[in-house]
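In: missing the sequence, but the structure's below:
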């Protein structure tokens, strides 16, 4: 508001100065015309009225009015005034405005650099959400004042900002040509079994039938791929594919196939995928022959950070201009190790097809994929036909290759890096006062033009170019009377004292006058008759007539009402956002795009209109006030004929009126001055701000907390040795683990370890029942047109919903400090050890035993942290609720964290049938026992409409235990009543199992680390080490952790030692558990099926499900029926949800200070108007005419002998600052005691006259003695 007032105040002051200049030029224009050679007609001088400002330019260019010349002084002055009034003042209101401006500050950045001897990190940790990885691997950089390098997935703790600096970027590109399948034919293949040599050293071999596929490219490369049509990996029959590097295209084919390639194929890689089929017609193939290149460039990179995401981008044109080939040949860190890792068969450990894939036992119709193609095939549900037809393998492999390359490069950077300083800048959005470029350029041009106009006015108003022949300011009555020295001029005005303005103009219009040495001379005064005056016509100016008062009051009251209504609208919840109010016009001004805002200009124009109206009334009162005063009673000369307001600026009118006791003019002057402040206030009335517009509506409640358990069919074998004899978990859990990357397990560990964004409708460890997006979008669609993008602003919805969370109640186990319970000391001199099987250089060591074995009897052999013979710290961490000895899933879990320095590999004594993982020194262990709690509460949340990201939440009620989450712990039911198959066949019975979502989450999470056992061995038999399957654990150098332990390590800033503190461990375990739960709760939530934790309103178990069976006697029903017995006892809930939709829109906000200022001024103007039109009405009517012309004033004084005689005394009429002698001062002081009155009097010849004459203090004398008057003077 201060900026709005300041800029308009400056424009107002400038306008006042130009107005004063115009006033002086305009009122002296008559004398300039009279002073020209030959004089001028009375119609264009003495009788020429004071016209409105819009007439001045035309009058200046009217040669007929100006004696055949142009009045350049009046033209340039009036043009300057019009520009200030109509353009500068309104535009100044839109010059400055508050706005969210991007402020860029230069600063110093720290930039990571690859060490010269960096080593590839060959374990991908799934950094897909890492902002520094996209189509490029960007070397991170950050402001040097940050304490830590921001290497997470998002930098949400920072306010909205953008970093910009030069850094290195790396990229890989695959240049591929397609290959076509030209032939498919049968062939024979010789199979050699190298795994089992014969005693004579030879190898068993045999011949089998196969199929050959010929591939051709347009460049001459021909590849023949042959595969056997038998065996487990039957890619020939069922489809499959691989990616083979140029080093050995045969590298990924098993012994059942081989590949031949021509020399034109050398140096390039092959992407190959085929659908099922063994004929040319039935087989679809997608193959590409590719060469790879690696580039790097130092370019400027921008990092845009907001609360929910971080975007890293760069100028592609700059990258292509600067990029260079990154050739690492000959370096110790060349790319061969990277490519070996990319082509590693370990992909099968992350992307198994199904349980059998872990042992290479594929189903009869399962396609065979190998290497990195497994990751791509997983996105197509391992469907070879869909993959070949719909996938763009060239693009998919380019992305995968770049992602893998970037992850390996940045992991190497994190382990071995150096730092360097680099210049850069940080741009942040701050609320600043912004200058409109177009308006600024326009105003600058206008002020330059105005300066030129003022200079031209100064040039054209020099006396040599524009003589006036005046000796004093011509503004007052005394000054006008001093012009009447010529007797012919006096005689020409005979009979004009009491006639109307029109009659006076008619009498004098043909007369010619001139100015010479301060005298008005009649040059051509042909006698003319005085026409009769129309006595019925109101002589007052139009603006002072009675009917104008109500019109002005109506306009002022309407403006008051409009301001009050708009102010109330702006304070309302919806605000003023309608397009008619906030409309902005974009214009191109002098090459700069500018925005013209009517909401800023229109109020200023309204204020200018009020100012002009009051200004015009003020001008009338300024010239009439001395006449009105004298018409009422004799008045001292300083307050009458010597009083002059014509050349008084508006701010000083009231001050001068007080000096002369002209109280009505004082009030009007205050009103006129208030209109200037009103103009300033109106210009500051509006501010355009981005505010939230709220709309409240009701939505149907679609989801509630699930109380219906999940139903699974189960084939139960009653025999102990039967293939189906197992816990229900062993059959149900594989349905989760077999989904690999689609599960919530990955999302949770990525959020915790990489600071990735949280799922929709969750915050911290709380998950909230979401709104149905379809219902929401239908309700908010009418308001979407209002929304535009504003920095840091989002469309939000607020509503009350149910919140749910999971937490742990943990305690530290006492045996953590008793090594005898969990650690066995080994003496390598004992039986079973010898020089061939014991660790070299050690006499004793340690191995885990008893309680330290996370899964009962399972042993671990991964992963030591040994480099060049130096053993470093390694960590082992797993959570589990599975009791291997009892083969039971418990409702409590143990979490163990072991830190030590184990040796690489395992060592097996001769007296054991399994190897041991050995620690040369005693490791340290922390073990806790935890029970789960799931709680619900009512919450008020605000979330983004587009993403469902929860911005804020308030828990409204005390969280309470949600017992329904645990109601059905894998309860067994009879087969359904509508089951049509055999309910019992030999020892196998078809049953139903119900499991509550809390139990399902608990078992799924805690057994993810042993998912290999569950997938590969449904009977629960253990294996020594699940190292071949790492979908849900991390097994890299120095770490063997399940997802939960890995997440805790990340939360502890990768400090293995920190997690040995019980309180730290339990706190981080609680956070980790809650985060995994919210990912579980928010996975695949739909309005039709609900999700893991939520269900549609009214969902029930199937009507035909059987009751819960008794565990000991399966022919009877259990007394505990779980959710089956309570599903009809749910509490009533409201069918609707009241939601408030909040959309950021541009709203006009009225400044309260400006509103109160404007209303106060308008109230003052209303009061002034009432006083102005109700006072002195009779005195206004007493004047026979207006005095807006020089002739009208002269007609009132031409016969006033005493007044004329007094006016000839230059000492009396001089301004005070020109009085030089003591006599002049005394004469002026004596004249202050004289009085003048307006009315009838007798002239020196005894004739009746009407006008202004000097009188004695007690009244007007009947006979005036000239000598007496002179003696008084």
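Out: Nice, thanks for sending it over. Worth saying up front: this structure is predicted, and the values here are computed from it rather than measured.
In: where do the helices of the stretch 701-850 of the chain begin and end?
Out: In the stretch 701-850 of the chain, the helices defined using DSSP state H, counting those that start in this stretch lie at 728-732, 734-737, 744-754, 773-780, 819-822.
In: out of these, the one nearest residue 177 is which?
Out: helix 744-754 (35.2 Å; C-beta to C-beta). No exception for glycine: its C-beta is placed from N, CA and C like everyone else's.
In: roughly how far is that closest one from the heart of the chain?
Out: 27 Å (C-alpha atoms, centre = their mean, to the nearest Å).
In: likewise for stretch 882-901?
Out: Taking mean C-alpha positions (C-alpha atoms, centre = their mean), stretch 882-901 and its chain are 48 Å apart.
In: with stretch 919-928 instead?
Out: 50 Å.
In: got the end-to-end distance for that stretch?
Out: Terminal residues of stretch 919-928 lie 22 Å apart, using C-alpha to C-alpha, to the nearest Å.
In: still on that earlier bit, so which of the helices of the stretch 701-850 of the chain is nearest residue 1002?
Out: If we rank the helices of the stretch 701-850 of the chain by C-beta to C-beta, the stretch that ends up nearest is helix 728-732, at 10.1 Å.
In: ok, the nearest residue to residue 64 once chain neighbours are set aside - how many residues close by?
Out: In space, and not counting its chain neighbours, residue 64 is closest to residue 44: 7.6 Å by C-beta to C-beta, 6 or more residues apart in numbering. Residues lying near residue 44 (other C-beta atoms under 10 Å) number 19.
In: quick one: contacts for residue 44?
Out: By C-beta atoms under 8 Å, 6 or more residues apart in numbering, residue 44 lies in contact with 33, 64-67.
In: which stretches of the stretch 851-1000 of the chain form helices?
Out: Under DSSP H, counting those that start in this stretch, the stretch 851-1000 of the chain gives helices at 997-1006.
In: low pLDDT regions in it?
Out: 851-861, 867-869, 884-887, 976-990 (pLDDT under 70).
In: let's see it at 50
Out: Counting by pLDDT under 50, the stretch 851-1000 of the chain contains low-confidence ranges at 854-858, 980-987.
In: quick one: closest of the helices of the stretch 701-850 of the chain to residue 1243.
Out: helix 773-780 (87.6 Å).
In: return the distance of the closest one from the chain's centre.
Out: Using C-alpha atoms, centre = their mean, the offset of helix 773-780 from its chain centre is 22 Å.
In: buried set for the longest strand seen in the chain?
Out: Counting by DSSP state E, the longest strand found in the chain is strand 161-197. Across strand 161-197, burial judged by 16 or more other C-beta atoms under 10 Å covers 161-174, 176, 179, 181, 184, 189, 191.
In: do stretch 300-314 as well
Out: Neighbour-count burial for stretch 300-314 [16+ other C-beta under 10 Å]: 301-307, 309-310, 312, 314.
In: now stretch 277-286
Out: 277-278, 283-286.
In: what of stretch 871-886?
Out: 871, 874-882, 884.
In: could you identify the most distant pair in these?
Out: Going by C-beta to C-beta, the pair spanning the buried residues of stretch 871-886 furthest: 871 and 881, at 32.5 Å.
In: the bottom helix or strand of the protein by mean pLDDT?
Out: helix 1266-1272 (a mean of 39; mean pLDDT, DSSP states H and E).
In: tell me the helices and strands packed up against the next helix-or-strand element following the longest strand of the chain.
Out: From strand 161-197 onward toward the C-terminus, using DSSP states H and E, the following helix or strand is strand 203-216. Using 3 or more C-beta pairs under 8 Å, 6 or more residues apart in numbering; DSSP states H and E, the elements in contact with strand 203-216 are strand 161-197, strand 222-228, strand 285-305.
In: how far does strand 203-216 sit from its chain's centre?
Out: Centre to centre, stretch against its chain (C-alpha atoms, centre = their mean), the figure for strand 203-216 is 62 Å.
In: quick one: average pLDDT of that strand?
Out: Averaging pLDDT along strand 203-216 gives 81.
In: okay, domains of this structure per the record?
Out: As given by automatic domain parsing, the domain ranges for the chain are 1-95+436-468, 106-423, 475-534+1183-1273, 540-686+1158-1178, 702-813+931-1133.
In: put together TSV for those domains, with distance to residue 839 on each row.
Out: Converted to TSV, the domains of the chain look like this (distance: least, C-beta to C-beta, whole Å):
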stretch	distance to residue 839
domain 1-95+436-468	77
domain 106-423	25
domain 475-534+1183-1273	114
domain 540-686+1158-1178	76
domain 702-813+931-1133	18
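In: output the below-cut-off pLDDT ranges for the stretch 601-750 of the chain.
Out: 719-725, 740-741.
In: follow-up on the earlier one: of all the helices and strands packed on strand 203-216, which one is nearest residue 566?
Out: Going by C-beta to C-beta, the one of the helices and strands packed on strand 203-216 nearest residue 566 is strand 161-197, 36.2 Å.
In: okay, now the sheet partners of the closest one, with direction.
Out: strand 137-138 (antiparallel), strand 203-216 (antiparallel), strand 285-305 (antiparallel), strand 417-435 (antiparallel) (DSSP bridges).
In: so can I have a markdown table of the ones you listed showing distance to residue 778?
Out: Formatted as a markdown table, these follow (distance: least, C-beta to C-beta, whole Å):
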| stretch | distance to residue 778 |
| --- | --- |
| strand 137-138 | 41 |
| strand 203-216 | 52 |
| strand 285-305 | 32 |
| strand 417-435 | 33 |
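In: related to what we said a few turns ago, buried deepest among the helices of the stretch 701-850 of the chain, which one?
Out: Comparing the helices of the stretch 701-850 of the chain by mean neighbour count (mean count of other C-beta atoms under 10 Å), helix 744-754 ranks first with a mean of 23.
In: give me the helices and strands touching the top helix by length along the chain, please.
Out: In the chain, taking DSSP state H as the definition, the longest helix is helix 598-632. On a contact count with 3+ C-beta pairs under 8 Å, 6+ apart, helix 598-632 meets helix 89-93, helix 548-571, helix 650-659, helix 663-683, strand 686-700, helix 1152-1174, helix 1177-1182, strand 1235-1242.
In: and the fourth one, what's buried?
Out: Right, helix 663-683. So helix 663-683, judged by 16+ other C-beta under 10 Å, has buried residues 664-683.
In: number of nearby residues for residue 702?
Out: 21.
In: quick one: it and residue 773 touch, right?
Out: No: counting by C-beta atoms under 8 Å, residue 702 does not reach residue 773; the two are 10.1 Å apart.
In: any chance of the buried residues of stretch 300-314 in a markdown table with distance to residue 636 and pLDDT as columns?
Out: Putting the buried residues of stretch 300-314 into a markdown table (distance: C-beta to C-beta, whole Å; pLDDT from 0 to 100) gives the following:
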| residue | distance to residue 636 | pLDDT |
| --- | --- | --- |
| 301 | 84 | 93 |
| 302 | 79 | 91 |
| 303 | 81 | 89 |
| 304 | 77 | 86 |
| 305 | 78 | 82 |
| 306 | 76 | 75 |
| 307 | 76 | 66 |
| 309 | 82 | 71 |
| 310 | 82 | 80 |
| 312 | 85 | 88 |
| 314 | 85 | 90 |
